[in-house]
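Engineer: have a look; sequence and predicted model below, questions after that.
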Amino acid sequence: MRLVALIAGMVLALTGLAAAQTYDTPEALLEDFYAPYFTGEFYDDEAPFRSAALQALHDNDAEITPPGEMGAISFDPYVDGQDFDLTEFQIGTPTIVGAEAIVDVSFRNFGEPRSLTFELVNENGWKIDDVVSGNPENQYRLSEIFAAAAGN
């Protein structure tokens, strides 16, 4: 019984360490964030990747969404689609000004070219603050999707 508890504790500790990781560069953050799209092993909680402001938008959306209903996000804004089969993934060179960075990410999703712009902030490590799609068929800014759903 003690061995089971010890193993469970170690797994939880290691999982917590992975979730608490800080990112010294925008590229490191985005590489780690997108890794599950290639491995299939998604994070239980993406909050450690989000800025305080973006997390507040997620939290507010969860609070105002009726039980059993879908929140503001009805697709995966990080692949600009419902499903994914990513290839040709590239992280652009970040433009860093103080504690803010802009980074373009490009890839093909089911063979279709996609490009997203990530707005990052350094809050004791780089975090995702917003995501913008310039795809003519589906232009969006993640923060504006949440604002519209909240009636702002």
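Structural biologist: Received the coordinates, thanks. Residues are numbered from 1 along each chain as shown.
Engineer: quick one, phi/psi of Asp83?
Structural biologist: The phi and psi torsions at Asp83 (degrees, to the nearest 10) take the values phi -120, psi 180.
Engineer: the helix or strand Lys127 falls within: what's the following helix or strand?
Structural biologist: With elements delineated by DSSP states H and E, Lys127 resides in strand 126-133, which encompasses its position. With elements assigned by DSSP H and E, the helix or strand that comes after strand 126-133 is strand 140-141.
Engineer: what lines up beside that following strand in the sheet?
Structural biologist: Each strand paired with strand 140-141, and its direction, by DSSP bridges: strand 126-133 (antiparallel).
Engineer: tally of neighbours for Asn122?
Structural biologist: By the criterion of other CB atoms under 10 Å, Asn122 has 19 neighbours. (Each C-beta comes from the backbone N, C-alpha and C, glycine too.)
Engineer: please apply the same query to Gly111.
Structural biologist: The burial count for Gly111: 8, using other CB under 10 Å.
Engineer: which residues are in contact with it?
Structural biologist: Under the criterion of CB atoms under 8 Å, 6 or more residues apart in numbering, the contact partners of Gly111 comprise Thr87.
Engineer: and for Thr87?
Structural biologist: By CB under 8 Å, 6+ apart, the residues touching Thr87 are Phe107, Arg108, Gly111.
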